[in-house]
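# sequence and predicted model, in that order:
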Amino acid sequence: MATLNRPGTEDGHVCGIDAAMEVIGGKWKVLILWALGQRPQCRFGELRRLVPGITEKVLASHLRELEADGIVDRVSYDETPPRVEYALTQDGIRLNEALVPLALWGRQRAVS
């Protein structure tokens, strides 16, 4: 995803959260990251089942964006039928770890 430069900022980001939200913003990306954290190597169909409600078009688009941002790795196998697997990169693993406190906060908020 291209960085949207903001006036007065050299790299287009106001703070670190701003930079992170550029990568994970939207309804589905954090759920895709969670799913890939649960299943380290996952095919497209498996991901679609792990993220109920997501359309194929949105999943494909978000996977491309996460790949471009260096969060998800896509591996194509030269087989018949073709096989593609997705996995988190080291940056993706670190991002998932950074989201754990946010998930805990969300769970606590949901029960109170």
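Right, received. Where do you want to start? Numbering: from 1, shown residues only.
# could you name the helices and strands sitting against the helix or strand harbouring residue 74?
Assigned by DSSP states H and E, residue 74 falls within strand 72-77. Using 3 or more C-beta pairs under 8 Å, 6 or more residues apart in numbering; DSSP states H and E, the elements in contact with strand 72-77 are helix 56-68, strand 83-88. (Glycine included, C-beta is placed from N, CA and C.)
# the inter-axis angle of it versus helix 56-68?
Angle, strand 72-77 to helix 56-68, by axes from the mean of the first three to the mean of the last three C-alpha atoms, to 10 degrees: 100 degrees.
# ok, strand 72-77: who's next to it in the sheet?
Strand 72-77 sits in its sheet next to strand 83-88 (antiparallel), going by DSSP bridges.
# wait, what's in contact with residue 26?
Neighbouring residues of residue 26 by C-beta atoms under 8 Å, 6 or more residues apart in numbering: residue 62.
# and for the residue nearest to residue 36 when sequence neighbours are not counted, the neighbour number?
Among residues not flanking residue 36 along the chain, residue 88 sits closest, at 4.9 Å (C-beta to C-beta, 6 or more residues apart in numbering). Counted with other C-beta atoms under 10 Å, the neighbours of residue 88 add up to 21.
# touching, residue 88 and residue 41? I think so.
No - taking contacts as C-beta atoms under 8 Å, residue 88 lies outside contact range of residue 41: 9.5 Å.
# just to be sure, residue 52 is in a strand?
No - assigned with DSSP: H, G, I helix; E, B strand; the rest coil, residue 52 falls outside any strand and is coil.
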